[in-house]
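Enquirer: Below are the sequence and a predicted model; questions follow.
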Protein chains: 2
Amino acid sequence: MYSKETAIQLRDEIINYLNTGLLPFWISRTVDNQYGGFLTHFDQFGNDSGEDEKSLIAQSRSVFTYSSAHRAGYGGGKLAEMAKHGVDFLIDKMWDHEYGGFYWMVNRKGEVTIDEKIIYGHSFAIYSLSEYTLATGDPRGKEYAEKVFDLLQKYAVDTYYGGYWEMFLRNWDLKGSGAAGGDRKTLDAHMHLMEAFTTLYECTGQQVHRRKLLEIIELLTKKIMHPEYGTGIPQFWADWTVAPQIKFDIVWGWDRFSEDGQKASAEDNTSYGHNSEFAWLLMHALDILGLPYDTHREQIIKSYSHSVDYGVDWEHGGVYVEGSHAGDVYDREKEFWQQAEMLIGMLDAFRYLKDEKYWKAYVNVHRFVFDKMINHALGEWWPLMTRQGEPIWKHMSHSWKINYHDVRSMVQSVVRLNKILDSDL
Amino acid sequence: MYSKETAIQLRDEIINYLNTGLLPFWISRTVDNQYGGFLTHFDQFGNDSGEDEKSLIAQSRSVFTYSSAHRAGYGGGKLAEMAKHGVDFLIDKMWDHEYGGFYWMVNRKGEVTIDEKIIYGHSFAIYSLSEYTLATGDPRGKEYAEKVFDLLQKYAVDTYYGGYWEMFLRNWDLKGSGAAGGDRKTLDAHMHLMEAFTTLYECTGQQVHRRKLLEIIELLTKKIMHPEYGTGIPQFWADWTVAPQIKFDIVWGWDRFSEDGQKASAEDNTSYGHNSEFAWLLMHALDILGLPYDTHREQIIKSYSHSVDYGVDWEHGGVYVEGSHAGDVYDREKEFWQQAEMLIGMLDAFRYLKDEKYWKAYVNVHRFVFDKMINHALGEWWPLMTRQGEPIWKHMSHSWKINYHDVRSMVQSVVRLNKILDSDL
């Protein structure tokens, strides 16, 4: 049962952890004073593990993390300085002055190692640079976010079937088919473009950013989400028919595939954490657009209820990795980012739908995170655990696991717990 | 019956007329040496009729006319100078340095009178500026054509349903619904974007221009053309359902509407000249793309055969204005531009499909043009005639009737007659 006392206690647990555990982990070690930007590879002991790479998503997500935590009132100014340090590196070292856009990967010195233009990474560039301007007032963030938006509209949009192509060469020529990814459209990129366009519109107030945000919401809710279950379908062909889920040459996570690069259930696979993240990002987009949640009530209910009805481990705590649209769980391990997104999602679900099952799920996942997923000795989260909560992977950070999910989850859970406490729940 | 002798005779009749009648009409009077750009309003005597306006379409179409005629070998260099003179005015006086794009209307001095951004006009900006660089090598044409292309991709594309919105305020905010036109998509704009992207791609060879050209061909052939008759449908809602044909606040022709701004047959109306123009522009796009006509054989046959089976006046000569998709003729008058487009279309139809009916239609319309539509005393065409061939309107030129249709028709008919003469027909 929900009680104000529990909500206050959980909120204060988060605030204390943010200020004494999670943010200090990053403040104390991520700034690269030698080459600029951020170090983003740390081993299980929190030591720099030495990988000579700086990825667009780790650098831009870091900028988002420090900007948004600063905007929410944390860090006493230090996080804004870190965000500026990150933006300097993004613009000075990762921006392609010839063709426009950000390179996908550079080394520590800032020398380009993968010069391709990947939309997933550019969604985070827009998101982080817009958030940076909102947090600090530095107009460079807005300027480059708009440049990226314009490039996407020019090169990535499919003006026949709608939506965005996602994988490009340096000169923005579309890549080939199959693992090159040039013939597919994904939930992942489109969901993060919704997230990015939301913050871009919050930053600029421009009609064109509002319009393209509304259009991508239509794409997500009418073409990308499962027509019956309202759950996310990972991959599509150009015409929005479902494509078997394959591994791309360019990756941004450690999704597990069989040796032929397909998922075991390549055409019936959905992620609980993604569905929860999608629904709260949609609610946030509606807030920024000034539209009522009820405009998408059915979609929001389907996404949240699938996550909570099938994804929550009531025995060991936390949320599973993925399963079928109808509900069968395929992968019962516990990965960091799904926990993070489930927390915000369950609070938004409870806040909007007033159903106690979402509160119960929030408390479940909150306890799993604080009791098992956080490596309290250091302050960061384990990346992947067994169902029972034993670490499988042990690095604290990598190009694909920076602080965007967990810091955002903590900051936004506090925001939402306060909203709930201020409501008549 | 087709014969080489007739083809040679008709070709030479055109070449002689171009060199001694049509081009001299323009060379002798259109250049505005006082304010730059072109004078485009001439009365039935060929005198400047004094309207104090320079429209984006008349200025840009003039640039196309002089560039393309120069590229085809006419004018001895004079036409290239005229094209440069027009490009100077477009860039210096009609380009919006704050928001980008070309204003819709300025006065003779170049002061802005309508600052809106209209996609139809921008399609001609792309078309003419690309042709200008192809004809002269001056890189400014390509530079501004690409700028306009980029603005269209950013502001005009509907990333959900595909295609382009068409009516914008100066700052590229989409205009409202109804007569403002912000809730509709039209055959007219999309067909001219195909025409524009074809020449842009010819000029740049860039993959992104090729891709968007292929996409707009898909839009035209799968959503805009009538699914059964293959004929053009003038207006659509966002989702490509047919919208009743209404008159917009911003116009670029003298289509006749009833007093409530609707066509008498607002939902069953197609233009023979437009259908013929569409089919030859599609064949030209396929040529530039390096694709065989057979990729769209059925569409091409439908468009041409509807024009020839229902649109040709075998009694008085020439092509009617418009009628139903099933074939009923609604308007039997003879307007200048439909004759012009029918000529090129019928030659391409004959060249590709080898059916004598197209040759017969070509000769019919050719004779109507040379015997009735051309005002031989001056060299230009009458704008609108009775079915029998008596002038109704008598101006020689206006913002909506410049020389793009007739000069192009003459130049391209010579090109196609030569192709036919070189073939084994």
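Expert: Sure, I can see it.
Enquirer: What strand or helix carries whichever residue of the stretch 1-150 of chain A sits closest to chain B?
Expert: For the stretch 1-150 of chain A, the residue closest to chain B is A:Asp150, as judged by C-beta to the nearest C-beta, at 5.3 Å. Every C-beta, even on glycine, is put in place using the N, C-alpha and C of the backbone. Assessed by DSSP states H and E, A:Asp150 sits inside helix A:139-151.
Enquirer: Report all helices and strands that the next helix or strand after that helix contacts.
Expert: Toward the C-terminus, helix A:139-151 is succeeded by strand A:167-168 as the next helix or strand (DSSP H and E). On a contact count with 3 or more C-beta pairs under 8 Å, 6 or more residues apart in numbering or on different chains; DSSP states H and E, strand A:167-168 meets strand A:117-118.
Enquirer: centre of the chain versus the strand it packs on, how much separation?
Expert: Distance of strand A:117-118 from its chain centroid, counting by C-alpha atoms, centre = their mean, to the nearest Å, is 17 Å.
Enquirer: again with stretch A:143-160
Expert: Offset of stretch A:143-160 from its chain centre (C-alpha atoms, centre = their mean): 20 Å.
Enquirer: ditto for stretch A:135-152
Expert: With C-alpha atoms, centre = their mean, you get 19 Å for stretch A:135-152.
Enquirer: In contact with the closest residue to A:Phe336 other than its chain neighbours, which residues are there?
Expert: Among residues not flanking A:Phe336 along the chain, A:Trp381 sits closest, at 4.6 Å (C-beta to C-beta, 6 or more residues apart in numbering or on different chains). Applying C-beta atoms under 8 Å, 6 or more residues apart in numbering or on different chains, one finds that A:Trp381 lies in contact with A:336, A:339-340, A:369, A:373-375, A:406.
Enquirer: what would those residues look like in CSV with distance to B:Leu213?
Expert: Shown next, in CSV, are the contacts of A:Trp381 (distance: C-beta to C-beta, whole Å):
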residue, distance to B:Leu213
A:Phe336, 45
A:Gln339, 47
A:Ala340, 43
A:Val369, 51
A:Met373, 51
A:Ile374, 54
A:Asn375, 54
A:Asp406, 46
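Enquirer: filter the residues you listed to the buried ones?
Expert: Buried members of those, counted by 16 or more other C-beta atoms under 10 Å in any protein chain shown: A:336, A:339-340, A:369, A:373-375, A:406.
Enquirer: how about the contacts of A:Trp381 in CSV, adding pLDDT and secondary structure?
Expert: Converted to CSV, the contacts of A:Trp381 look like this (pLDDT from 0 to 100; DSSP: H, G, I helix; E, B strand; the rest coil):
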residue, pLDDT, secondary structure
A:Phe336, 97, helix
A:Gln339, 98, helix
A:Ala340, 98, helix
A:Val369, 98, helix
A:Met373, 98, helix
A:Ile374, 98, strand
A:Asn375, 98, coil
A:Asp406, 98, helix
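Enquirer: Just the pLDDT for the residue of the stretch 1-150 of chain A closest to chain B.
Expert: pLDDT recorded at A:Asp150 is 98.
Enquirer: Might one say that it is in contact with B:Lys154?
Expert: Yes: between A:Asp150 and B:Lys154 there is a contact under C-beta atoms under 8 Å: 5.3 Å.
Enquirer: For the residue nearest to A:Phe336, give its distance to chain B.
Expert: From A:Trp381 across to chain B, the span is 35 Å (C-beta to the nearest C-beta, to the nearest Å).
Enquirer: for A:His366, same thing?
Expert: Taking C-beta to the nearest C-beta, one finds A:His366 at 37 Å from chain B.
Enquirer: same question, A:Ser423
Expert: From A:Ser423 over to chain B (counting by C-beta to the nearest C-beta), the distance is 34 Å.
Enquirer: For that residue, give me its contacts.
Expert: The contact partners of A:Ser423, by C-beta under 8 Å, 6+ apart, come to A:Arg351.
Enquirer: same question, A:Gln262
Expert: A:Gln262 neighbours (C-beta under 8 Å, 6+ apart): A:244-247.
Enquirer: backbone phi and psi for A:Lys54, please?
Expert: Dihedral angles of A:Lys54 (phi, psi; degrees, to the nearest 10) stand at phi -130, psi 120.
Enquirer: doesn't A:Thr198 make contact with A:Ala285?
Expert: Yes: assessed by C-beta under 8 Å, A:Ala285 is found in contact with A:Thr198 at 4.4 Å.
Enquirer: Compare those two and say which is more crowded by neighbours.
Expert: More crowded of A:Ala285 and A:Thr198, by other C-beta atoms under 10 Å in any protein chain shown: A:Thr198, with 26 against 23.
Enquirer: For the more buried one, identify the helix or strand it belongs to.
Expert: Using DSSP H and E, A:Thr198 sits in helix A:187-204.
Enquirer: Cool, thanks, talk later.
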